[in-house]
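Undergrad: Fold the following, please.
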Amino acid sequence: MAKDVIIACDFSSKEQTLAFLDRFTGRKPFVKIGMELYYAEGPEIVREIKKRGHRIFLDLKLHDIPNTVRKTMQVLSRLDVDMTNVHAAGTVDMMRAAVEGLTREDGTRPLLIAVTQLTSTSEERMQRELLIGASIEATIAKYAENAKEAGLDGVVCSPLEAQLVKTACGAEFMTVTPGIRFADASKDDQVRITTPARAREIGSDYIVVGRPVTAADNPVAAYERCCKEFLNE
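TA: Okay, the predicted model is just below:
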């Protein structure tokens, strides 16, 4: 399975986003469009970035009743993104509905992954606030197994759980891991984190990197550092 670094373009406007991407004059990074940018600019920002030659992970984390998720995925399937996601907590039925809605008439669809637990969530808070009594590792493994049963391609998890997911679901089941920080950087609001090099070692297929690149003095150099450490380039 191909590995790659995905840059989280968590900007609030089209102008900021395109100015950032204009700095990459050679390689076209795989980018993540999240809720902030999508809600600010709508589907047109997806079309614009796709037209520029970038692969896109549309990170909207759908979580609703199966029928609503199915219909929403039918709309998103027209945007020609490369990857999108749902929350695994929405149940197997909801995830199956997402696959159905995302699949086009010709049988093709973007990659579909499920969020297990956010990387800002600790085990203590998961148990105390969400009333999930199992360990965070057991919860993530079960959510990943549910996603596989529903026909999804993989999950979003912290890099610390990537190997756990591979053990539970097989080597081909994809792990997309945010919570990436350089060894000499701040954790910000993340809890379960690791470095690009360590993420490679423990089984991440894709890493999602936001502030360590987007807030860097030299974003291109920071991105290239990620690629060097994660892809061993």
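
Undergrad: For the helix or strand where Arg125 lies, name the packing helices and strands.
TA: For Arg125, the host element (DSSP states H and E) is helix 123-129. With contacts taken as 3 or more Cβ pairs under 8 Å, 6 or more residues apart in numbering; DSSP states H and E, helix 123-129 sits against helix 136-149. Every residue, glycine included, has its C-beta placed from N, CA and C.

Undergrad: and Asp59, that one's in a strand?
TA: Yes. Using DSSP: H, G, I helix; E, B strand; the rest coil, the secondary structure at Asp59 is a strand.

Undergrad: Kindly tell me how buried it is, as a neighbour count.
TA: Neighbourhood size, Asp59 [other Cβ atoms under 10 Å]: 26.

Undergrad: For it, which non-adjacent residue is spatially closest?
TA: Leaving aside its sequence neighbours, Asp59 sits nearest to Gly34 (Cβ to Cβ, 6 or more residues apart in numbering; 4.5 Å).

Undergrad: what's the burial count for the one you found?
TA: Residues near Gly34, counting by other Cβ under 10 Å, number 18.

Undergrad: Report the rounded mean pLDDT for the helix holding Arg125.
TA: Across helix 123-129, the average pLDDT comes to 95.

Undergrad: Alpha carbons of it, as CSV, please.
TA: What follows is helix 123-129 as a C-alpha-only set of coordinates in CSV (Å, rounded to 0.1, in the frame of the first residue of the first chain):
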residue,chain,number,x,y,z
GLU,A,123,-8.7,7.1,27.9
GLU,A,124,-9.6,8.7,31.2
ARG,A,125,-11.9,11.3,29.5
MET,A,126,-13.4,8.6,27.2
GLN,A,127,-14.4,6.6,30.2
ARG,A,128,-15.5,9.4,32.4
GLU,A,129,-17.3,11.7,29.9
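
Undergrad: give the contact list for Thr116.
TA: Thr116 sits next to Ala88, Thr139, Ile140, Tyr143, Ala144, Val155, Val156, Cys157, Glu161, Val165 when contact means Cβ atoms under 8 Å, 6 or more residues apart in numbering.

Undergrad: Let me have those residues in a markdown table, adding pLDDT as columns.
TA: Formatted as a markdown table, the contacts of Thr116 follow (pLDDT from 0 to 100):
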| residue | pLDDT |
| --- | --- |
| Ala88 | 98 |
| Thr139 | 96 |
| Ile140 | 96 |
| Tyr143 | 98 |
| Ala144 | 98 |
| Val155 | 98 |
| Val156 | 96 |
| Cys157 | 93 |
| Glu161 | 92 |
| Val165 | 97 |
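
Undergrad: Turn the residues you listed into JSON lines, including neighbour count and distance to Ile65.
TA: Listed next are these as JSON lines, based on neighbours: other Cβ atoms under 10 Å; distance: Cβ to Cβ, whole Å:
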{"residue": "Ala88", "neighbour count": "28", "distance to Ile65": "15"}
{"residue": "Thr139", "neighbour count": "22", "distance to Ile65": "22"}
{"residue": "Ile140", "neighbour count": "25", "distance to Ile65": "24"}
{"residue": "Tyr143", "neighbour count": "23", "distance to Ile65": "18"}
{"residue": "Ala144", "neighbour count": "28", "distance to Ile65": "22"}
{"residue": "Val155", "neighbour count": "30", "distance to Ile65": "21"}
{"residue": "Val156", "neighbour count": "30", "distance to Ile65": "21"}
{"residue": "Cys157", "neighbour count": "30", "distance to Ile65": "24"}
{"residue": "Glu161", "neighbour count": "27", "distance to Ile65": "28"}
{"residue": "Val165", "neighbour count": "29", "distance to Ile65": "26"}
